[in-house]
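Peer 1: heads up, no residue letters with this:
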Ligand code: ADP
Ligand code: MG
Ligand code: MG
């Protein structure tokens with residue numbers, strides 16, 4: 001994705017560039033602030049369990065349109081309810097994913113678990129969704145927000161994003177702009193998500209039962225995860241948190257008499273998946289068996305298998321089709337408001353509509369991004385690369401993908417700070433993606449908790465297709481509302 005010459009640039013919160021000596025001094029302080037407050041990660045190149053690098057950050061907060069931020073916040077409970085209803089609509093999930101699971105093995109494996117659980121009936125009626133709806137402002141529509149995607153599994157960075165607000169406030173104050181701090185909205189993402197897990201734990205109603213985090217073999221984003229764990233332990237000292245990989249759950253886990261999930265003699269009330277969303281997390285059938293075991297257990301899952309499937313790109317694409325929202329939302333004003341945040345999303349299923357999408361993508365690939373059913377970044381195909389990618393697939397293979405209009409966010413200019421550089425950072429052109437967290441808990445009939453819970457901002461170089469923070473070109477940030 002390359003930024004176009006006429007893309008608007010949002011005004012900065014303070015005048016940049018900074019004099020070099022002032023810049024070097026405040027960058028050094030900000031790096032230490034980040035490490036000391038846990039805005040940090042394990043190094044991928046020099047991994048050690050004994051040390052941390054600060055997570056890449058943007059020095060001063062990036063501007064984001066206030067009205068659009070407030071809109072995203074206000075929409076979150078509606079989106080929570082939408083996703084909850086989608087997750088509980090067996091027919092919609094089944095028909096929407098029908099073509100995709102013929103060719104996408106990973107989604108098919110998830111779907112098979114769903115099918116088996118459906119056949120036996122759900123042991124646990126309640127689910128907890130810790131969601132993150134991601135947006136970019138779209139310059140062609142007056143910077144109105146458009147949804148990039150919705151995450152229903154391992155929605156991360158609530159912990160670090162919460163730390164980043166005070167960090168950037170500190171930087172602004174150091175630079176003599178304490179008068180501007182009120183334009184940075186406070187962020188309760190960490191407390192919001194963790195309190196949600198504890199509400200699920202309360203529903204389970206067994207004082208000795210634990211909360212289980214499912215983790216990768218190696219956790220690079222360790223601070224974000226530990227923030228959740230430590231917040232729960234500190235705020236609710238009687239609730240124990242365990243961390244296990246899927247492989248470990250396969251070895252240690254079993255079901256008790258009432259299908260309670262037992263690890264040794266510890267009963268699990270809530271399972272929080274920070275892994276299990278990509279094929280690489282399943283080394284063998286053992287990990288799939290572990291996922292199935294958990295799914296059939298009495299523990300309240302975040303996400304349950306139906307919530308996981310509701311968060312696939314294919315379901316997102318189906319939701320954006322005309323009249324589909326009416327199936328899940330009653331209020332016409334809410335339908336209109338949610339409809340407006342969708343940009344064009346197109347099916348590539350092996351049928352007439354899918355063929356029309358295929359032709360359109362070949363004609364004007366620069367308008368689109370091509371997405372598979374994957375999470376975690378780095379999986380999409382952009383613009384001019386799309387025709388080759390599509391031509392390499394058979395007609396049926398295309399059903400594993402969806403096509404989406406590219407969103408064109410406004411530019412900001414600022415300093416991105418990454419570990420490993422001694423040089424003063426240079427001013428770069430960047431674009432931001434806003435994530436709004438939401439918590440929803442309920443069963444097929446009722447929603448018992450539904451609230452918005454803080455936000456995150458990720459900012460990347462405007463020339464980068466994707467801005468994964470751990471992956472390389474992205475950095476953590478917070479919105480400065482203008
Ligand atoms: P993932 O689940 O892997 O995070 P996303 O749909 O969020 O998948 O895509 C990854 C990244 O690709 C986003 O963070 C964003 O930077 C970029 N991206 C995705 N969709 C669009 C789009 N429609 N327009 C512009 N950029 C997009
Ligand atoms: Mg995602
Ligand atoms: Mg994403």
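Peer 2: Nice, thanks for sending it over. Fair warning: this is a prediction, and the values are worked out from it, not measured in the lab. Residues are numbered from 1 along each chain as shown. Ligands and ions are numbered 1, 2, ... in the order given.
Peer 1: now for the residue of the stretch 301-450 of the chain at minimum distance from ligand 2: which residues touch it?
Peer 2: Minimum separation of the stretch 301-450 of the chain from ligand 2 (CB to the ion) falls at residue 375, amounting to 4.2 Å. Bear in mind the C-beta positions are built from the backbone N, C-alpha and C, glycine included. With contacts taken as CB atoms under 8 Å, 6 or more residues apart in numbering, residue 375 has the following neighbours: 151, 153-154, 277-278, 311.
Peer 1: could I get these in a markdown table, plus columns for distance to residue 15, pLDDT and secondary structure?
Peer 2: Formatted as a markdown table, the entries for the contacts of residue 375 read as follows, by distance: CB to CB, whole Å; pLDDT from 0 to 100; DSSP: H, G, I helix; E, B strand; the rest coil:
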| residue | distance to residue 15 | pLDDT | secondary structure |
| --- | --- | --- | --- |
| 151 | 36 | 98 | strand |
| 153 | 42 | 98 | coil |
| 154 | 39 | 97 | coil |
| 277 | 42 | 97 | coil |
| 278 | 43 | 96 | coil |
| 311 | 41 | 98 | coil |
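Peer 1: so which of those reach ligand 2?
Peer 2: Filtering those for proximity to ligand 2 by CB under 5 Å from the ion leaves residue 151.
Peer 1: quick one: name the residues of this structure near ligand 2.
Peer 2: For the chain, the residues in contact with ligand 2 (CB under 5 Å from the ion) are 149, 151, 375.
Peer 1: just list whatever residues bridge to the first one.
Peer 2: Residues found in beta-bridge contact with residue 149 (criterion: DSSP bridges) are residue 134.
Peer 1: what is the burial count for it?
Peer 2: Here the count is done by other CB atoms under 10 Å, and residue 149 has 17 residues near it.
Peer 1: how far away is residue 87 from residue 284?
Peer 2: Using CB to CB, to the nearest Å, one obtains 28 Å as the distance from residue 87 to residue 284.
Peer 1: more neighbours, those two?
Peer 2: For residue 87 against residue 284, the residue with the higher neighbour count under other CB under 10 Å is residue 87, and the figures read 26 against 10.
Peer 1: just checking, the more buried one touches residue 129?
Peer 2: Yes. Applying CB atoms under 8 Å as the test, residue 87 and residue 129 come out as touching, 7.4 Å apart.
Peer 1: so what sits against both of the two?
Peer 2: 152, 303, 307.
Peer 1: pretty sure the first one is touching residue 129, no?
Peer 2: When you say that, I think you mean residue 152. Yes. Under the criterion of CB under 8 Å, residue 152 lies in contact with residue 129, with a separation of 5.9 Å.
Peer 1: buried ones among the contacts of residue 375?
Peer 2: In those, burial by neighbour count holds for 151, 153-154, 277, 311, counting by 16 or more other CB atoms under 10 Å.
Peer 1: identify the farthest-apart pair in these.
Peer 2: Of all pairs drawn from these, the one with the longest distance (CB to CB) is 154 and 311, at 9.9 Å.
Peer 1: done for today, thanks.
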